[in-house]
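> here is a sequence together with a model predicted from it:
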Amino acid sequence: MPVLNEIDYLEHAVQSVLEQDVEGPTELVLALGPSTDGTTELARRLAAADERIRLVDNPQAHIPVGLNAAIRASRHPTVIRVDAHSELAPGYARRALATLSRTGAANVGGVMHAGGRTPFQRAVARLYNSPVGLGGGAYHGGAQEGEAESAYLGVMRRDVIEAVGLFDETIRRGEDWELNLRIRQAGHLVWFDPALSVTYWPRENWWRLARQFRATGAWRGELVRRYGRSNGLRFFAPPALVLITALAVIVGVLQLTGVLRGLASVVASLVYVPVVVYALLVIAVGLGGVGIARGPRGLRERLWTLAVLPTMHIAWGLGFLAGVLRGAGDTVDASRLGERNTPLP
């Protein structure tokens, strides 16, 4: 479990791990980044209270670096990746180990079920759980068990991930997708089991969400630079939205200034069609819950949904275009650096 500034979530996450009922010995290795909110001190108290918890340092705070440090420090043949901003469902580990054995897969993942406590977080969670929000990856709500492109978090055979080289430490986001690509290229199976469920708590305010999605988009752009067509088509929808919107703005300016006139102006006006369709989709999702299993509740949640959906898409799309054009470089998800999260009840 990579950990950075998770004072309000860490204890819940750790408890959900330690309560897993599995046969044989277990351990929980926390890779501690340089937290500024008391998370490191909390982790040390938790480790002192339970001998199954072990601590390793992750001074750079990069997720793949922390994951590799934790894996190298661990001692057992199965590696279960967990997130400090999430909670495992009861029986998660037992079910995942059974699925590994039953399918012969090298990595098994399940559903990322986003949850929320404030109107903003609930709006984000519902869009996380919807194909309208994050593009319909199986782990955002798939119901059909089977072979998968990637796995959320992942329950992995240690010998396989060591053979393919662990996580690529040059990738700051999307490291799980890239690892699963190498697993599949090595001839192993990645498996999705919808019976596996992890509760994930999204970012708590608009600014953090925008920064998170911009960084994630930049690294997807980097992955497109590196791996080209191995990336699914759904990853290109947000940057296409950004480009079409930018083109619509340019056309509007040219029409207002009289540069575009007559037939040329009429033809150019076709660029507004996808923008209007998208705007209507946002309104339908925000006000009516279209594309969401359960629609938004209350005025504040509906208004936040109207703001969150385009924020997710546009921030991701802008990041993607920058990543494709010049690479992700040292882009990191700064949405949790030096900030305190909203406390849990």
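That came through fine.

> look up which residues are beta-bridged to Tyr200.
Residues found in beta-bridge contact with Tyr200 (criterion: DSSP bridges) are Ser86, Ala114.

> what's around it, how many residues?
18 (other C-beta atoms under 10 Å). In this view, the C-beta of every residue, glycine as well, is placed from N, C-alpha and C.

> got it, and the one 3 residues further on?
Here the number of neighbours of Arg203 (other C-beta under 10 Å) works out to 21.

> which ones are touching Pro274?
Contacts for Pro274 (C-beta atoms under 8 Å, 6 or more residues apart in numbering) come out as Leu241, Ile244.

> go again using 7 Å as the cut-off
Contact analysis of Pro274 by C-beta atoms under 7 Å, 6 or more residues apart in numbering lists Ile244.

> what helix or strand is it located in?
With the criterion set as DSSP states H and E, the secondary-structure element containing Pro274 is helix 272-283.

> what about that helix, average pLDDT?
For helix 272-283, the mean per-residue pLDDT is 95.

> downstream of that helix, the next helix or strand is which one?
The element immediately downstream of helix 272-283 (helix or strand, assigned by DSSP H and E) is helix 299-326.

> and that next one, what does it pack against?
Packed against helix 299-326, as judged by 3 or more C-beta pairs under 7 Å, 6 or more residues apart in numbering; DSSP states H and E, are the following elements: helix 119-128, helix 206-227, helix 237-256, helix 272-283.

> quick one: low-confidence parts of this protein?
Scanning the chain for pLDDT under 70 picks out 135-142, 290-296, 335-345.

> if you set the cut-off to 50 instead, what comes out?
When the per-residue scores of the chain are filtered using pLDDT under 50, the ranges that remain are 339-345.

> thought Leu223 was touching Ser230?
No: with contact taken as C-beta atoms under 7 Å, Leu223 and Ser230 are classed as non-touching, separated by 8.2 Å.

> neighbour count winner among these two?
For Leu223 versus Ser230, neighbours defined as other C-beta under 10 Å are more numerous around Leu223 (24 against 14).

> quick check: nearest residue in space to the more buried one, chain neighbours excluded?
Once its chain neighbours are removed from consideration, Leu223 has its nearest residue in Gly174; the separation is 5.3 Å (C-beta to C-beta, 6 or more residues apart in numbering).

> also Thr40?
Using C-beta to C-beta, 6+ apart and skipping residues adjacent in sequence, the residue nearest Thr40 is Leu32, 5.4 Å away.

> against Asp57, how distant is the one you found?
Between Leu32 and Asp57 the distance is 6 Å, computed by C-beta to C-beta, to the nearest Å.

> got it, and Ala13?
Following C-beta to C-beta, the distance that separates Ala13 from Asp57 is 19 Å.

> wait, isn't Ala96 in contact with Gly109?
No: taking C-beta under 7 Å as the contact criterion, Ala96 and Gly109 are not neighbours in contact, 8.3 Å apart.

> let me know the secondary structure of Glu51.
coil (DSSP: H, G, I helix; E, B strand; the rest coil).

> overlap of the contact sets of Ala96 and Gly109?
Applying C-beta under 7 Å, 6+ apart, one finds that Ala96 and Gly109 are jointly contacted by Leu196.

> good, we can wrap up now.
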